[in-house]
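Participant: Predicted model and sequence follow; I will ask about them next.
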Amino acid sequence: MTAAVVLTPVSAPVADHVLVVALDGALDYTNAERLRQDVEAALGEEHRELVLDLSGMDFCDSTGIRILLSVRKLMQERDGAVTMASLNARLTRIFKLTGLTSAFTLAASLAEAVAAVGARSTPR
């Protein structure tokens, strides 16, 4: 059994409607539902944008992808989006093969992701 993916809030210069978190570990069928619950618990009513720093995430299976898409749907319901930063080569390949590069905004670094969110969003 895989250990739970650790979700850690990240301090970044962002507006109040943006939540930045880092994911560390392997995201698979054994812990994907727990991650969804952790993300939903971390989101406040004011959050419309979510930045996921994936620099510490080394694996994601199809169940993990499904959970990431459910988080995307939740953010879209808030008229927001999910931006993912720092995908390693393996995750980048998975996202390209599955067509998820068009479902999420992808950024090479956390700083780039924060800048992208800041450029496209304004609080309600």
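Facilitator: The structure has been received and is ready for your questions. Numbers count the residues shown, from 1 in each chain.
Participant: who's in contact with the longest helix belonging to the chain?
Facilitator: The longest helix of the chain (DSSP state H) is helix 62-77. Applying C-beta atoms under 8 Å, 6 or more residues apart in numbering, the external contacts of helix 62-77 come out as 27-29, 32-33, 35-36, 39-40, 43, 48-50, 60, 81-82, 94, 98, 100, 103-104. (Each C-beta comes from the backbone N, C-alpha and C, glycine too.)
Participant: And the strands in the chain?
Facilitator: Assignment of strands within the chain using DSSP state E yields the ranges 6-9, 18-27, 49-60, 81-85, 105-107.
Participant: Now that you've got the contacts of helix 62-77, can you turn the buried subset into something I can paste into ChimeraX?
Facilitator: What follows is the ChimeraX syntax for the buried subset of the contacts of helix 62-77, where burial is set by 16 or more other C-beta atoms under 10 Å:
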select :27,28,32,35,36,39,43,48,49,50,60,81,82,94,100,103,104
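Participant: so of the contacts of helix 62-77, which ones are in helices?
Facilitator: In this view, the contacts of helix 62-77 that belong to helices under DSSP H are 32-33, 35-36, 39-40, 94, 98.
Participant: So which of those is the closest to Pro9?
Facilitator: Closest to Pro9 out of the ones in helices among the contacts of helix 62-77 is Val39 (11.2 Å), distances taken as C-beta to C-beta.
Participant: ok, and the closest non-adjacent residue to the closest one?
Facilitator: Counting by C-beta to C-beta, 6 or more residues apart in numbering, Val39 lies nearest to Val71, which is 5.4 Å off, once chain neighbours are set aside.
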